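1. starting from these lines, generate the structure:
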Amino acid sequence: MTIQPVIVIEKLSKRYRGSQQLALDSLSLSVYPGEVYGFLGPNGAGKSTTIRLLMNFLQPTTGSARILGLDCVKDSVALKRSVGYLSGDFAVYPKMTGLEYLCYLDELQGGGNLKYAKSLAKSFKADLNKKLGELSRGNRQKVGLIQALMHKPKILILDEPTSGLDPLMQELFYAIIADAKSNGVAVFVSSHVLSEVQKMCDRVGIIRGGTLVTEQVMADLAKEAAQTFDITFATEAPVKVLKKIKGLQVQMHEANHVVIHMHGRLQLLFRVLADYDVVKIDSRTIDLEELFMHFYENKGPQK
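-> Just a heads-up that it's a prediction; the model follows:
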């Protein structure tokens, strides 16, 4: 049986009134049950616009988006019952306490979620007795995460979810997401924190100027990174000899130091290295930052 995607975006575009350029240009992607999809890009790239279109806070210029088979425009009210959402600029009722706010949301959702909300608050060490307007940014973010998670939704749409959280709370959040993923929840998370994406995500999409420029499976990135070697020789690096190895690309060369990427059999590389005095050799870990910068450097102005 073929697993069907639970978020489907097809040629989605958005042009803001008065603008000559598209804020989002023919975006198409899918997210599957039990998958964490990282949506990367700098400020102004189109991440928040995409999320607001998914939540029907904005109307698309062209294209469509569906969540759990429901149209994000026509079925907006119905689909929100199954979606946990956190905005990038989480707004609150400043005179409400955290508990009053969560009680209010629980009533809107039909009740029955307050016990779990309080459990999350305890885990996040969130003070629900203070007025929301008196909370620090990090503590407001905790309440934002709690309200997104409290009804145990099938879909999570999160815009910069760990903004303002301390490292301990970030780790707790990652654990909660991992648990949700194991229960089949699909997570669409916008972020510009690359270490966070590497830790959480199964796939990443990189958006630039409103256009999706690449999608990558994190497991494939890990496999690719495992074939990248940082080698230091006692003398001048034998670059000409290395370049003769089938499947090898020299990414960087400086005196006795070389960084190579090997697509072929590693035995061929190590046979050559055995003839030289190698001081140090390291296999690089996933470097999402290099991938990210590849799509942003020397590309001209953003839309």
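2. where's the residue most central in space within the chain relative to Glu196, distance?
-> The centroid of the chain falls nearest to Gly38 when counting by C-alpha atoms, centre = their mean (2.2 Å). Distance, Gly38 to Glu196, using C-beta to C-beta, to the nearest Å: 8 Å. Glycine gets a C-beta too; all of them are placed from N, C-alpha and C.
3. what does the helix or strand bottoming out on mean pLDDT in the chain contact?
-> Of all helical and strand segments in the chain, the minimum by mean pLDDT, DSSP states H and E falls on helix 288-294, at a mean of 71. For helix 288-294, the external contacting residues (C-beta atoms under 8 Å, 6 or more residues apart in numbering) are 40, 194, 197-198, 204, 206, 214, 216, 221.
4. most neighbours among the residues you listed, which one is it?
-> Most neighbours among these, by other C-beta atoms under 10 Å: Leu40, with 27 neighbours.
5. got the phi and psi for it?
-> The phi and psi torsions at Leu40 (degrees, to the nearest 10) take the values phi -110, psi 150.
6. what sits against it?
-> The contact partners of Leu40, by C-beta under 8 Å, 6+ apart, come to 47, 190-192, 194, 197, 204-207, 292.
7. tell me the confidence at it?
-> On pLDDT, Leu40 comes in at 90.
8. equivalent analysis for Met1, please.
-> 70.
9. any idea of the pLDDT on Leu172?
-> Looking at Leu172, its pLDDT reads 96.
10. which member of the contacts of helix 288-294 is positioned nearest Lys122?
-> Val197 (27.8 Å; C-beta to C-beta).
11. if we can go back for a sec, so for the least confident helix or strand of the chain, what gets flagged as buried?
-> Residues of helix 288-294 classed as buried: 288, 291-292 (neighbour count, 16 or more other C-beta atoms under 10 Å).
12. check stretch 122-140 too.
-> Judged by neighbour count using 16+ other C-beta under 10 Å, the buried positions of stretch 122-140 are 124, 126, 128, 132, 135, 139-140.
13. in helices, which of those residues appear?
-> Using DSSP state H, 124, 139-140 are the members of these that sit in helices.
14. on that earlier part again, got the contacts of Leu40 as a markdown table, with distance to Tyr116 and secondary structure columns?
-> Putting those into a markdown table (distance: C-beta to C-beta, whole Å; DSSP: H, G, I helix; E, B strand; the rest coil) gives the following:
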| residue | distance to Tyr116 | secondary structure |
| --- | --- | --- |
| Lys47 | 29 | helix |
| Ser190 | 25 | strand |
| Ser191 | 25 | strand |
| His192 | 30 | coil |
| Leu194 | 31 | helix |
| Val197 | 27 | helix |
| Val204 | 30 | strand |
| Gly205 | 31 | strand |
| Ile206 | 34 | strand |
| Ile207 | 33 | strand |
| Phe292 | 35 | helix |
